[in-house]
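In: Mind looking at a prediction? Sequence and model below.
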Amino acid sequence: MNPFLRAKCHVPLLTCLLAAATCFSAHAQSTAPAATPPAKPTTAGEDEAVQLKEFVVSDSADLGYSTPNAIGISRTSEALIDTPQTINVINQQFLLDFAPIELGDVLQFVAGVTIESNVGDSTMIRGYTVRDQFTDGMVDNQNQSQLGAEPFQFERIEVLKGPAGLVYGSTAIGGLTNRVRKAPQWKKRGELAFTLGTNGQTKTEFDYTAPVRPNLAVRLVATYLDQDMVSGVKTRFAFANRWNVNPSLTLKLGKRSQLRVFGEFLTERYYKHWGEVAMFATTTVPTQRTVAAAANFARLGDREATFGLTQAQGGFTTWGLLPRNFTFGEQQSTAKNIKQATGIFYEAKLGQDFLLRAGGTYSFWDHFVEDVIPVGMAGNNREMTRTWRTIENVDQYTSFAVDTTCSFKLLGGEHRLFTVNQVQFKRLFQEIWGANPARPIPNLDLYNPVYAPYNPFDKVRTNRQIGRAPNYAFGFKDSVKFFGDKLQFAGGPRYDAYRSRTDNLITNAAGRQVKGNTWTYNYGAVVKPTKAFSLFYGHSETYAPNTTVNPNGGTFDPQVGAVNEFGLKLAFLDGRIAGTISTYQLRLEHIILNDPDPVRAAAGWRVDSGFQETTGYEADVFFTITRGWQLNAGGSSVDVTTPNGIFPRGSAKRSANLATSYRFSDGLLKGFAVGGGWIYKSKFNVEAAALTERVARYYLPAYAYGAAWASYNWKRYRFQLNVANVTDEWYLIRSVSKEQIFQGPERQYRFRVSRTF
């Protein structure tokens, strides 16, 4: 569609939002006393002083892209230099400069983080997949959206490396992301922005906050996105559009207590894109691992995808042989999502040394997809066999939590005791319809594709199930400081009791119930000779229930992971040189794999493979070179050290990132700013086979990616140009499997104009 015509879809929204902004402004002017002098501008620190500052994070201490505090550790603000754990923060300035359409646009600039799969915010941290997402310290159900969460609704993104089980419980061992919502402020401010980009991209953004009463502040964040691509990729038939509306309010109950309430309403529709076919059938791992087959695959060795080589030339992928906009899905391959979420929190400072936070969230997520998916290569290694299906998932997450923080002095130390009580309930419904095998969808010739809409005459319901998974957890951690804050210790346990059961609604057969309980522990120490740096050691653990059940009813112990981490945190020259340099060792136990016997594996038998260990190194350092020049550099290295380990699929062993900005504060260029970023990812494997199986390894090649931006501030207006993939590199960014590979986006231009009021 013509981008100009598509932009007309935004006219009603722009009109309404401009009218609302005008009414807000006119109301404020008409109600202000004529004799009142202009109010002194309120700084971020003064703004937060009205609120309970312990429950919010401030950007007033940020220097460029460097941030000294985070809220995701204990759901209250803590200084990073006093924390025995690596935490990276993408702050508001970084989000403003890079103007991400999806969170993956900025998460890739964090050391040790790789974009995983084709699911929006799904990432790999330190080599391990992170599927659960968290907002304001609570689980946030939106992991089936190919677009991911809306970046404009967040104040910052916190990446917690390693397990954070005390607060977050069952989640990935590599780490997690905690998104911090934009919260109501006690001064009036607003922003209206419009973006026009390549591939028919238009986006409208609105943000307004104000106190409507002395004890009540409100905020509304709303966006509308429309584009002819999905996940930054322009393929044939690709499109995406989304509405997102996020109202919130803060009600002061007194000087030391408040209620915070939020809501989120989302609806989106997009082309279900599964990437391009990358691996040919001739390199498929044999189903029966005979000695001869293993020896044959051992001769193949490691194989790295090469651009534009046919099989006759030694190539084994279609990368560079198919058009850049190739897809094997049909035009009607579509996904639709609806999200409704709400939450309420009571926050109080009861006395000088006691904090209380209690509340809960509810999230409803309806995911429906109709698509054509790949099944495998035909015998001629030219055609893709496909099938049709529809899937509907209706997920409901309910969470409650009560946290307390108590400060006291004991035995010469200053203690800060944090406790957490959590109850979480998941209700997961799924229904799948597939094409009738008697009416198969035609194969697709990869090199001469003929697309024809496919509507089966009849369909077969292959799955209808409902799962329930309640979880209760309790934990505490005592943080104690000696000699001021020069020597610090922290540690405590967490107890989880969990159950999980999935019932078959077609046969009305009740599923087997998996239940258990687990203790996990975290502890650490910080040595802080001066305020300029600290040395830290941290040990943290997490678990994940193994819901796999063998045919005889046997279950498995929960997967337990532990990380030991050593590092150095910097805050030299009043934060002008800041960051973290660390090394870690990760141990993961009770990994479930298919039974080595192919016959037993086909019958559903699984085995506990034992454990694996991973070592890694990371660095993330910020430099304030001059008043207007900021530089951030980072890098990571991860290696599996045990011979029977499974190297994580889709994770780069080596990565590096760089981001910089320069802002002119005087002269003819006053108001201008320029900057950009660069990332490097080494080659990464597509398979997730055990190293001892001696199979061929398939690697996607290393790539480098650059982004640039320039902005100009004039009065209340900001004009900004962003360029993604500056060099227009054609690269492969991630994989779902060895048959479904996703390419990175082409070069894209986006022009954004915004006005504050």
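Out: Good, I have the coordinates.

In: Which helix or strand in the chain has the lowest average pLDDT?
Out: helix 3-7 (a mean of 37; mean pLDDT, DSSP states H and E).

In: Show me what Thr361 bridges to in the sheet.
Out: Beta-bridge partners for Thr361, by DSSP bridges, are Gly343, Ser399.

In: That one reaches Thr342, doesn't it?
Out: Yes: counting by CB atoms under 8 Å, Thr361 does reach Thr342; the two are 7.1 Å apart. C-beta coordinates here come from the backbone N, C-alpha and C atoms, glycine included.

In: In terms of neighbours, single out the busier of these two.
Out: Thr361 (24 against 16; other CB atoms under 10 Å).

In: From Arg468, how far out is that one?
Out: Distance of Thr361 to Arg468, given as CB to CB, to the nearest Å: 18 Å.

In: For Ser636, see how far away Leu586 is.
Out: Using CB to CB, Leu586 is found at 13 Å from Ser636.

In: Overlap in contacts, those two.
Out: Arg126, Gly616 (CB atoms under 8 Å, 6 or more residues apart in numbering).

In: What strands line up against the helix or strand containing Val753, and which way round?
Out: Using DSSP states H and E, Val753 sits in strand 748-756. Next to strand 748-756 in the sheet, as set by DSSP bridges, lie strand 189-197 (antiparallel), strand 717-724 (antiparallel).

In: okay if I get those strands as CSV plus mean neighbour count and mean pLDDT?
Out: Output for these, formatted as CSV (neighbours: other CB atoms under 10 Å; pLDDT from 0 to 100):
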stretch, mean neighbour count, mean pLDDT
strand 189-197, 19, 97
strand 717-724, 18, 97
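
In: would you turn these into TSV with distance to Thr405?
Out: Supplementary listing: these in TSV, determined by distance: least, CB to CB, whole Å:
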stretch	distance to Thr405
strand 189-197	30
strand 717-724	39
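
In: Go through these and name the closest to Phe98.
Out: Nearest to Phe98 among these is strand 717-724 (6.9 Å), distances taken as CB to CB.

In: Run the chain-centre distance for the closest one.
Out: Centroid displacement of strand 717-724 relative to its chain, using CA atoms, centre = their mean, to the nearest Å, is 24 Å.

In: so after that strand, what's the next helix or strand?
Out: Next helix or strand after strand 717-724 toward the C-terminus (DSSP H and E): strand 732-737.

In: is Ala79 in a bridge, and if so with what?
Out: Following DSSP bridges, Ala79 is listed with bridge partners Asn69.

In: Also Asn421?
Out: Bridge pairing for Asn421 - DSSP bridges - gives Val402, Phe474.

In: Pull the number of nearby residues for it.
Out: When neighbours are counted by other CB under 10 Å, Asn421 registers 15.

In: Might one say that it is in contact with Gly360?
Out: No: using CB under 8 Å, Asn421 is not in contact with Gly360, being 11.7 Å away.

In: anything in contact with each of the two?
Out: Ala401.

In: Run through the stretch 101-250 of the chain and note the low-pLDDT ranges.
Out: Low-confidence segments of the stretch 101-250 of the chain, defined by pLDDT under 70: 117-120, 143, 165, 170-171.

In: how does it look with 80?
Out: Residue ranges of the stretch 101-250 of the chain with pLDDT under 80: 115-122, 127-132, 141-144, 162-173.

In: Spell out, range by range, the helices that occur in it.
Out: 104-107, 165-168 (DSSP state H, counting those that start in this stretch).

In: and if you look at the stretch 251-400 of the chain?
Out: 291-300.

In: mind checking pLDDT for Ala689?
Out: pLDDT, Ala689: 53.

In: in the stretch 501-650 of the chain, which spans are helices?
Out: Assigned by DSSP H, counting those that start in this stretch, the helices in the stretch 501-650 of the chain fall at 598-602.

In: Quick check: the gap between Gly554 and Asp608.
Out: 10 Å.

In: So for the two, which sits in the more crowded spot?
Out: A direct count of neighbours by other CB under 10 Å for Gly554 and Asp608 places Asp608 higher, at 15 against 11.

In: roughly how far apart are that one and Leu593?
Out: In terms of CB to CB, Asp608 sits 8 Å off from Leu593.

In: Surely Pro558 is in contact with Thr548?
Out: No: in this structure, Pro558 is not within contact of Thr548 by CB under 8 Å, at 11.0 Å.

In: which one of those two has more residues nearby?
Out: A count of neighbours by other CB under 10 Å puts Pro558 above the other of Pro558 and Thr548, at 21 against 14.

In: And the more buried one, how far from Lys252?
Out: In terms of CB to CB, Pro558 sits 43 Å off from Lys252.

In: tell me which element Pro100 falls in.
Out: Here Pro100 is assigned to no helix or strand, by DSSP H and E.

In: That one contacts Val106, doesn't it?
Out: Yes: between Pro100 and Val106 there is a contact under CB under 8 Å: 4.7 Å.

In: Compare those two (neighbour count), which wins?
Out: Set Pro100 next to Val106 and count neighbours by other CB under 10 Å: Pro100 wins out with 25 against 21.

In: what's the pLDDT at that one?
Out: So, for Pro100, pLDDT stands at 93.

In: just Pro437 next, same as before
Out: Taken from the predicted model, the pLDDT recorded for Pro437 is 82.

In: Over to Ser60?
Out: For Ser60, the pLDDT comes out at 78.

In: Angles on the backbone of it, please.
Out: The phi/psi pair for Ser60 (degrees, to the nearest 10) reads phi -70, psi -30.

In: Quick check: it vs Ser77, distance?
Out: Distance from Ser60 to Ser77, by CB to CB: 12 Å.

In: swap in Pro211?
Out: Remark: distance between Pro211 and Ser77 (CB to CB) = 22 Å.

In: Pass me the low-pLDDT residue ranges in the stretch 551-700 of the chain, would you?
Out: Looking along the stretch 551-700 of the chain with the criterion set at pLDDT under 80, you get 553, 593-598, 601-602, 609-611, 640-650, 685-698.

In: As a check, name the ranges of all strands in it.
Out: 559-572, 577-589, 592-594, 606-608, 611-624, 629-640, 654-663, 672-681, 684-685, 697-700 (DSSP state E, counting those that start in this stretch).

In: ok, now the stretch 401-550 of the chain?
Out: Using DSSP E, counting those that start in this stretch, strands in the stretch 401-550 of the chain cover 413-435, 444-445, 459-482, 487-504, 514-530, 533-544.

In: elements contacting the last one?
Out: With contacts taken as 3 or more CB pairs under 8 Å, 6 or more residues apart in numbering; DSSP states H and E, strand 533-544 sits against helix 165-168, strand 514-530, strand 559-572.

In: other SSEs contacting the last one?
Out: Judged by 3+ CB pairs under 8 Å, 6+ apart, the packing partners of strand 559-572 are strand 533-544, strand 577-589.

In: Could you measure from the spatially most central residue of the chain over to Met229?
Out: Nearest to the geometric centre of the chain sits Asp121, at 3.6 Å (CA atoms, centre = their mean). According to CB to CB, Asp121 and Met229 sit 17 Å apart.

In: just Gly575 next, same as before
Out: From Gly575 to Met229 the distance is 39 Å (CB to CB).

In: Have a look at the two and say which one is more surrounded.
Out: Met229 (24 against 20).

In: Spit out the contact partners of the more buried one.
Out: Each residue near Met229 by CB under 8 Å, 6+ apart is listed here: Asn199, Gln201, Thr235, Ala238, Phe239, Ala240, Pro745.

In: Could you do Lys670 as well?
Out: Phe664.

In: Dihedrals phi and psi, it?
Out: According to degrees, to the nearest 10, Lys670 has phi -60, psi 130.

In: Same check on Ala702?
Out: Main-chain dihedrals, Ala702, degrees, to the nearest 10: phi -60, psi 150.

In: And it, how far from Gly104?
Out: 19 Å.

In: Looking at those two now, which is surrounded by more residues?
Out: Counted by other CB under 10 Å, Ala702 and Gly104 do not tie: Gly104 has more neighbours, with 23 against 16.

In: Lys683 versus the nearest residue to that one once chain neighbours are set aside, what's the distance?
Out: Distance criterion CB to CB, 6 or more residues apart in numbering; nearest residue to Gly104, sequence neighbours excluded, is Ile115 at 4.7 Å. The spacing between Ile115 and Lys683, counted by CB to CB, is 15 Å.
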